[in-house]
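Asker: Quick check, what structure comes out for this input:
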Amino acid sequence: MTSARTRDRLVQRLHAQGIVDERILVRIRELPRHLFVDEALSSRAYEDTALPIGHGQTISQPFIVAKMTEALLEGGTLRKVLEVGSGCGYQTAVLAPFVRWIYSIERVEPLADRARSTLRDLGMHNTRIEHSDGFAGWPRFAPFDGIIVTAAPGAVPAALLDQLADGGRLVIPVGPDGDQRLVRIVRKGDRFEREELGPARFVPLLGGVI
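Answerer: Residues are numbered from 1 along each chain as shown. This is a model prediction of the structure:
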């Protein structure tokens with residue numbers, strides 16, 4: 001289930017699908033994804049598929065995690081990153097070695113608690129998780145060099161654009177279910193340059209907290 005061969009197969013598949021950043025491939029190989037899912041699903045943890053984590057949420061497919069991480073890291077080192085949608089903490093954990101600080105928001109309190117516990121158990125001390133509404137971002141720690149969003153709004157929230165540093169990169173899926181696109185937005189002063197990265201399929205980004 002967690003053998004080196006199983007993890008190697010996953011990484012080989014990601015590389016075949018176009019992930020070229022060796023740092024990310026190594027990170028996904030080494031990170032114990034089975035710790036982020038329920039024990040009943042642990043036998044599927046190293047499949048390249050999304051899995052339910054409760055509360056109507058999922059742990060993202062490893063390929064999309066790798067693709068979003070690669071898109072965020074391209075262009076240089078990031079000191080401070082905002083993540084909207086902590087979920088179980090897997091995307092946070094993949095990204096953690098490559099940035100100085102990650103400020104992550106989760107609207108579902110039990111998921112936020114679980115992510116904090118898992119990340120702490122894995123010794124990741126550069127992450128901070130807040131139970132809050134992701135549409136509002138986290139103004140207290142803005143501006144951010146990078147923002148990554150793991151659920152899909154109908155349109156890019158204005159607050160996230162406002163909290164992006166000059167030169168910063170926002171990676172986000174946008175659109176309704178069945179017609180989502182993954183985009184990267186780079187801020188250049190008052191301009192925001194948008195690049196489409198391909199189709200995506202995420203749970204919707206919802207407002208409020210539960």
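
Asker: Relative to Q17, how far out is I102?
Answerer: 25 Å (CB to CB, to the nearest Å). Heads up, the C-betas are built off the backbone N, CA and C, glycines and all.

Asker: Compare neighbour counts for those two and give me the winner.
Answerer: I102 (26 against 12; other CB atoms under 10 Å).

Asker: For stretch 148-157, measure first residue to last.
Answerer: This stretch, stretch 148-157, spans 12 Å end to end (CA to CA, to the nearest Å).

Asker: and the gap between the residue positioned nearest the centre of the chain and H34?
Answerer: With distances taken as CA atoms, centre = their mean, Q91 lies nearest the centre of the chain, 4.0 Å away. Computed as CB to CB, the Q91 to H34 distance reads 16 Å.

Asker: And V65, by the same measure?
Answerer: On the measure of CB to CB, V65 and H34 end up 15 Å apart.

Asker: So those two - more neighbours on which side?
Answerer: V65 (26 against 17).

Asker: And the strands in the chain?
Answerer: With DSSP state E as the criterion, the chain has strands at 51-54, 57-59, 78-84, 99-106, 127-131, 144-149, 164-174, 180-188, 191-200.

Asker: Need the mean per-residue confidence for stretch 173-182.
Answerer: Stretch 173-182 carries an average pLDDT of 92.

Asker: And that stretch, what's buried?
Answerer: P173, V174, G175, Q180, L182 (16 or more other CB atoms under 10 Å).

Asker: and which of those is nearest T69?
Answerer: L182 (12.1 Å; CB to CB).

Asker: mind checking how far the closest one is from E193?
Answerer: For L182, the distance to E193 - CB to CB - is 15 Å.

Asker: now W101
Answerer: From W101 over to E193 (counting by CB to CB), the distance is 25 Å.

Asker: Who has more neighbours out of these two?
Answerer: Looking at W101 and E193 with other CB under 10 Å, you find the greater number of neighbours at W101, namely 16 against 10.

Asker: which residues sit in contact with that one?
Answerer: R79, K80, V81, N126, T127, R128, F141 (CB atoms under 8 Å, 6 or more residues apart in numbering).

Asker: Out of these, which is nearest to V26?
Answerer: Using CB to CB, the contacts of W101 come closest to V26 at N126, 18.3 Å.

Asker: Leaving out the residues flanking it, which one is nearest to the closest one?
Answerer: Using CB to CB, 6 or more residues apart in numbering and skipping residues adjacent in sequence, the residue nearest N126 is W101, 5.5 Å away.

Asker: so the one you found bridges to which residues?
Answerer: K80 (DSSP bridges).

Asker: Quick one, grab the pLDDT at it.
Answerer: The model's pLDDT for W101 equals 97.

Asker: ok so, going back, counting neighbours, which of the contacts of W101 comes out on top?
Answerer: V81 (26 neighbours).

Asker: To what extent is the residue nearest to that residue when sequence neighbours are not counted buried, counted in neighbours?
Answerer: Spatial nearest neighbour of V81, excluding adjacent residues (CB to CB, 6+ apart): G146 at 4.3 Å. For G146, the count of nearby residues is 26 (other CB under 10 Å).
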